[in-house]
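In: Based on what follows, work out the 3D shape:
(4 chains)
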2 protein chains.
Amino acid sequence: MADVNWLDRPDVTDRRAGPAVIDYELIELLFFAYRDFVAEPDQALAALGFGRAHHRVLHFVNRNPGLRVTDLLETLRITKQSLGRVLKQLVDEGYIDQTPGPVDRRQRLLYATDKGKRLAVDLAARQSARIQAALDGTPPETREAVRGFLDRMIDRTPYVVADDEES
Amino acid sequence: MADVNWLDRPDVTDRRAGPAVIDYELIELLFFAYRDFVAEPDQALAALGFGRAHHRVLHFVNRNPGLRVTDLLETLRITKQSLGRVLKQLVDEGYIDQTPGPVDRRQRLLYATDKGKRLAVDLAARQSARIQAALDGTPPETREAVRGFLDRMIDRTPYVVADDEES
DNA sequence: AATTTACGTCAGCCATATTGACTTATCTGA
DNA sequence: TCAGATAAGTCAATATGGCTGACGTAAATT
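Out: Numbering: from 1, shown residues only, chains lettered A, B, ... in the order given. Below is the predicted model of the structure:
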């Protein structure tokens, strides 16, 4: 059952049709790192009957009190219907409050309740601990290099929400 | 519709119950970076009637010719039944070949076909291009810092496959 | 010969996403 | 003022990718 030694392996890929060099190492490290990065919160959430989708919603609401539903849709890049189900559960179970926007009363501004804050912070603390362990003993430049790299991995082209109607 | 400026925001979290400092910035950058990292292959795959699951299987088979089904299960950390579905499609549509193990004939060693290799390389090239763009203009230390960070983000505790029977 | 292993399969379930169509309330601009 | 746009919610159907549980079969191991 010898482990497959994925990391630091020779590149045996047929690259006749591809570019000169493909960074398989970082591609695979990103896959494995992200897999384990989300696995820990997933476990904690499962005990509450929640999933990854609830985590994302609660996280961004907690981080941005008074967030509008539309903002959440753009951030998560999911549809209103997908969000609806998950958000409803979080509201019903007392993790998130909705209040009408003071200026635009069509809006339902979202706030994490105390219970919601506690869960959000608990999950974030686990993930942060993993990050800090991975940075442990490295100079500040390491975190800065990682920060810059991840930042530049993000699409900067403005995201357009798939037109629901108007087509 | 002003964008929510997620990055570099003040930490408004109630941390009474949490650790002194939570690295929200890297937590969120990881989410956004990974979201966009997989979104591009997803689009290309959708045109072929495949999904993210097919991508992962094809990728690791292509990278490790002669991989056993068991190895793939450990790498992806999914069940045999889940793998079965997507693997069968990839085999049926000529992206992956299965051949009996020369020494242990119970094994079905997996190989990407030429067609499979072409798709795998095409997808990897897109992801690699994104990575290279994110590293563009940075010194070699940046890639090394990222590599080390991601590597240390991976769980090192040996993964035990959920006992199917033997319980 | 008995047991274990590698792999596959049937059946059903769940979570998360999708598209499309429609409603309600509210805001905004000509 | 009122027509149209916008914010949000909802119903229904569908797809994908996971899961558990239960079996089956062939081949290797002890």
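In: check contacts around the residue nearest the centre of chain A.
Out: For chain A, residue A:56 is the residue whose C-alpha lies nearest the centre (CA atoms, centre = their mean; 5.8 Å). Contact analysis of residue A:56 by CB atoms under 8 Å, 6 or more residues apart in numbering or on different chains lists A:76, B:31. Every residue, glycine included, has its C-beta placed from N, CA and C.
In: Figure out how far whichever strand or helix holds it is from the centre of its chain.
Out: Taking DSSP states H and E as the criterion, residue A:56 maps to helix A:52-63. Offset of helix A:52-63 from its chain centre (CA atoms, centre = their mean, to the nearest Å): 8 Å.
In: where do the helices sit along chain A?
Out: Applying DSSP state H to chain A gives helices spanning A:24-46, A:52-63, A:69-76, A:80-92, A:114-135, A:140-153.
In: okay, the ones you listed, which one's buried deepest?
Out: Ranked by mean neighbour count under mean count of other CB atoms under 10 Å in any protein chain shown, the helices of chain A are led by helix A:52-63, which reaches a mean of 22.
In: how about it against DNA strand D, any contact?
Out: No. Helix A:52-63 stays clear of DNA strand D (CB under 7 Å from any atom of the strand), getting no nearer than 11.2 Å.
In: Ok, stretch A:76-83 next?
Out: Yes. Using CB under 7 Å from any atom of the strand, stretch A:76-83 reaches DNA strand D at A:80, A:81.
In: Dump that stretch to CSV, keeping only the CA atoms.
Out: Provided in CSV are the C-alpha atoms of stretch A:76-83 (Å, rounded to 0.1, in the frame of the first residue of the first chain):
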residue,chain,number,x,y,z
LEU,A,76,-19.9,33.2,-3.3
ARG,A,77,-20.8,33.1,-7.0
ILE,A,78,-23.8,30.9,-6.5
THR,A,79,-27.4,31.4,-7.4
LYS,A,80,-30.0,33.0,-5.3
GLN,A,81,-31.8,29.7,-5.0
SER,A,82,-28.8,27.9,-3.7
LEU,A,83,-28.1,30.5,-1.2
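In: So for residue A:157, what's the pLDDT?
Out: According to the prediction, residue A:157 has pLDDT 76.
In: should've said residue A:20
Out: pLDDT, residue A:20: 74.
In: Look up how far DNA strand D lies from residue A:66.
Out: 10 Å (CB to the nearest atom of the strand, to the nearest Å).
In: how about that residue, what does it touch?
Out: Residue A:66 neighbours (CB under 8 Å, 6+ apart): A:109, A:110, A:111.
In: what's the first-to-last distance across stretch A:94-111?
Out: In stretch A:94-111, first residue to last residue: 11 Å (CA to CA, to the nearest Å).
In: now stretch A:66-82
Out: Start-to-end, stretch A:66-82 (CA to CA) is 20 Å.
In: Does DNA strand C have contacts with it?
Out: Yes. Stretch A:66-82 is in contact with DNA strand C by CB under 7 Å from any atom of the strand, via A:76, A:77, A:78, A:79, A:81, A:82.
In: surely the second one meets residue B:38?
Out: No. Under the criterion of CB atoms under 8 Å, residue A:77 makes no contact with residue B:38, lying 11.5 Å away.
In: If we ignore the residues flanking it in sequence, what's nearest whichever residue of chain A sits closest to DNA strand C?
Out: For chain A, the residue closest to DNA strand C is residue A:51, as judged by CB to the nearest atom of the strand, at 1.6 Å. Spatial nearest neighbour of residue A:51, excluding adjacent residues (CB to CB, 6 or more residues apart in numbering or on different chains): residue A:45 at 6.2 Å.
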